[in-house]
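# I'd like to go over a predicted model; first the sequence, then the structure.
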Amino acid sequence: MAPIPSKIYPDNEDENELELLIIGNLVAENSLPSIVAGDFNDVSWSQTSKVFGESGNLKNIRIGRGLYNSFNATSFFMRWPLDHYFVTEEFALMRLERLSKFGSDHFPLYAKFALIQ
């Protein structure tokens with residue numbers, strides 16, 4: 001099923017969603033600067049992504065910068081932004097770039113951060 005914002009396709013409620021929320025809570029309980037990155041199998045506009053960011057006091061660096069569609073590298077037009085970087089407030093984004101495909105079904109995302117005080 002395509003990850004599109006719609007009441008017809010509600011967020012999946014399964015173990016992966018729960019694990020993401022547990023990680024958000026762990027980040028919130030820790031005072032260290034944190035980056036959570038990877039293939040979330042979820043889009044930025046989903047309720048799960050929003051709750052994850054809120055629960056961990058994390059910002060999604062993609063918001064306001066474009067889609068950076070990272071999946072499906074094997075399709076020319078069916079692509080979604082499933083790979084993410086969420087960071088705590090101590091990080092400033094210096095650069096974000098979707099790199100060329102390299103054999104995976106995902107495009108790599110490159111991000112450069114600065115740790116600010």
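Nice, thanks for sending it over. Remember, it's a predicted structure, so these values are computed and weren't measured experimentally. Numbers count the residues shown, from 1 in each chain.

# any weak-confidence spans in the protein?
1-16 (pLDDT under 70).

# redo that, cut-off 80
1-18, 117 (pLDDT under 80).

# would you map the helices across it?
In the chain, the helices defined using DSSP state H lie at 15-29, 47-55.

# among those helices, which is the most enclosed?
Each of those was scored by mean neighbour count; the highest is helix 47-55, a mean of 17, by mean count of other C-beta atoms under 10 Å. Glycine gets a C-beta too; all of them are placed from N, C-alpha and C.

# how many neighbours does the nearest residue to residue 110 once chain neighbours are set aside have?
Among residues not flanking residue 110 along the chain, residue 97 sits closest, at 4.7 Å (C-beta to C-beta, 6 or more residues apart in numbering). Neighbours of residue 97 under the rule other C-beta atoms under 10 Å: 10.

# report the central residue of this structure.
The centroid of the chain falls nearest to residue 84 when counting by C-alpha atoms, centre = their mean (2.4 Å).
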